[in-house]
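Trainee: predicted model and sequence follow; I will ask about them next.
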Amino acid sequence: QVQLVESGGGLVQPGGSLRLSCAASGFTSDHYTIAWFRQAPGKEREGVSCVRMRDGVTHYPQSVQGRFTISRDNAKNTVYLQIFSLKPEDTAVYSCAAETYISNCLLGDYSSMHYWGKGTLVTVSS
């Protein structure tokens, strides 16, 4: 059974940085891609980055390029999302999700996720 568990959220001051973790379990191979999403209050969920586990290829929407960095540790089956220069508008529930055997998110299509975590809340406030 596939499980995705996020951690690392919390209260952060504007200008600070944060690293979120997504621990994956239950996959039988590394043929999957992990994406990070966020949903701010009153807004639609948006994909903010993804990484293909077998080779580390990544994608970032233009809206987050330069401030978000996704990385993976295959030995730990964990994907990280580092966010720099946090702004109040980054306040959201951040969730990770997985595609298996396809990597549509690497082309900017974040609509094909098969599994989801429950999310972790990031609040950016002074």
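Mentor: Everything's here; your move.
Trainee: how about the spatially most central residue of the chain, secondary structure?
Mentor: Per Cα atoms, centre = their mean, the C-alpha nearest to the average position across the chain is that of W36, at 2.0 Å. Under DSSP: H, G, I helix; E, B strand; the rest coil, the three-state class of W36 is strand.
Trainee: correct me, but it touches C50?
Mentor: Yes. When contacts are counted by Cβ atoms under 8 Å, W36 is listed as touching C50 (7.1 Å). Every C-beta, even on glycine, is put in place using the N, C-alpha and C of the backbone.
Trainee: so for those two, which residues contact both of them?
Mentor: With contacts defined as Cβ atoms under 8 Å, 6 or more residues apart in numbering, the residues shared by W36 and C50 are I70.
Trainee: ok, back up a step: per-residue pLDDT of the residue nearest to the centre of the chain, please?
Mentor: Model confidence at W36, given as pLDDT, is 98.
Trainee: can you start the count at 24 instead of 1 from here on
Mentor: Okay, residue one is now 24; in that scheme the one you just asked about reads as W59.
Trainee: ok, it - contacts?
Mentor: The neighbourhood of W59, defined by Cβ under 8 Å, 6+ apart, consists of 43, 45, 70-73, 91, 93, 102, 104, 117-119.
Trainee: can I get those in CSV with neighbour count?
Mentor: Output for these, formatted as CSV (neighbours: other Cβ atoms under 10 Å):
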residue, neighbour count
L43, 23
C45, 27
G70, 20
V71, 23
S72, 26
C73, 30
F91, 19
I93, 23
V102, 27
L104, 26
Y117, 23
S118, 21
C119, 30
